[in-house]
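Peer 1: Provide a 3D model corresponding to the input given below.
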Amino acid sequence: MKLNVDDIRYQFNYSNYYVLMSFSGLIFLVLIYLWSPDAKTVYSFQKPLILLAFVVICISGILAAVFPSRCRGISTFNMKSGKNKKHESNRKPQENRINGFNKESKLDHESVIRFEGHHPNCDKFKSHTIHFKGKKYCPGCSGLLVGAILAVTGTIFYYFLGLGLIYGQISFWIGTGSVFVSLILILFLNIDKNIIKFVSNFTLVLGSLLILFGIDTVKENIIMEFYFLILVLFWIRARITVSKINHESICNQCSEKSHCLGH
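Peer 2: Predicted structure coming up:
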């Protein structure tokens with residue numbers, strides 16, 4: 001199948017936007033950590049509020065990992081460039097059929113494509129799934145699940161026990177390095193290895209947890225903490241979007257669309 005040049009350019013630019021913003025957000029966080037003064041006022045509700053918000057994010061990730069089919073809408077293969085949207089109505093029906101389904105009909109998409117979780121049941125996606133006791137699982141979601149469970153547990157322990165100042169500093173820098181490596185694996189290298197996908201998502205969650213520990217222990221700056229929570233949500237969105245673009249690219253280059261058909 002011949003790929004549309006506008007689609008390729010759009011997906012490339014869209015992916016690069018998330019890569020750039022993800023690393024820029026992390027660098028800006030480090031600069032704030034280094035140059036911002038310690039908070040003069042620490043509110044009594046600050047620590048439980050920030051930690052609760054982080055736990056809610058983790059629990060949402062756990063639910064998304066356990067019930068991926070419920071969240072399939074955020075990774076549906078329906079990205080189109082602005083030019084394609086403008087001219088799609090003028091295409092012939094057969095030109096609008098990509099990956100074995102009619103792009104004009106969401107119902108047709110759902111009834112034709114076979115999904116396991118949020119991955120098409122196709123040999124092209126072997127590197128995107130792992131087998132356990134006869135079932136297929138997404139390594140990325142599995143890494144997110146394990147990491148989120150440990151993060152929730154760690155947050156509870158931290159709330160009651162806390163960290164010393166020196167340990168808070170160590171926690172921040174270890175977390176920053178972990179997230180940096182994870183973002184490279186997820187957004188930049190895009191390695192099709194099951195174990196890498198598992199480790200990258202796992203590291204992203206635990207690295208974020210360590211960063212939060214460091215910020216809350218060393219700075220106790222509520223504005224910085226809220227910025228970090230927003231940044232975590234953006235990293236998750238970036239992970240989903242880049243994965244979606246990668247999935248679309250695999251399907252668009254596939255010449256054996258019969259693997260996806262529900263015959």
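Peer 1: Return the distance of residue 155 relative to residue 241.
Peer 2: 26 Å (Cβ to Cβ, to the nearest Å). The way it works is simple: take the backbone N, C-alpha and C, and place the C-beta from them, glycine included.
Peer 1: go on, residue 41?
Peer 2: According to Cβ to Cβ, residue 41 and residue 241 sit 37 Å apart.
Peer 1: Let me see the contact set for the residue nearest to residue 141 when sequence neighbours are not counted.
Peer 2: Distances taken as Cβ to Cβ, 6 or more residues apart in numbering put residue 65 closest to residue 141, at 4.1 Å, once the chain neighbours are dropped. Listed by Cβ atoms under 8 Å, 6 or more residues apart in numbering, the contact partners of residue 65 are 138, 141, 142, 144, 145, 148.
Peer 1: How many neighbouring residues does the second one have?
Peer 2: Residue neighbour count, defined by other Cβ atoms under 10 Å, stands at 24 for residue 141.
Peer 1: Going by secondary structure, the closest residue to residue 185 other than its chain neighbours is in what exactly?
Peer 2: Excluding the flanking residues, the one nearest residue 185 by Cβ to Cβ, 6+ apart is residue 200, at 4.0 Å. Using DSSP states H and E, residue 200 maps to helix 194-214.
Peer 1: try residue 38
Peer 2: With DSSP H and E as criterion, residue 38 is part of no helix or strand.
Peer 1: Test my guess that it contacts residue 221.
Peer 2: Yes. Residue 38 lies in contact with residue 221 (Cβ atoms under 8 Å); the separation is 7.3 Å.
Peer 1: And those two? Which one has more around it.
Peer 2: Neighbour count, other Cβ under 10 Å: between residue 38 and residue 221, residue 221 has more, with 22 against 9.
Peer 1: List the residues that contact the more buried one.
Peer 2: Residue 221 makes contact with 36, 38, 39, 215, according to Cβ under 8 Å, 6+ apart.
Peer 1: Buried only: go through these for me.
Peer 2: residue 215 (16 or more other Cβ atoms under 10 Å).
Peer 1: how about JSON lines for the contacts of residue 221, with distance to residue 183 and pLDDT added?
Peer 2: Listed next are the contacts of residue 221 as JSON lines, based on distance: Cβ to Cβ, whole Å; pLDDT from 0 to 100:
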{"residue": "36", "distance to residue 183": "22", "pLDDT": "84"}
{"residue": "38", "distance to residue 183": "28", "pLDDT": "75"}
{"residue": "39", "distance to residue 183": "27", "pLDDT": "75"}
{"residue": "215", "distance to residue 183": "18", "pLDDT": "95"}
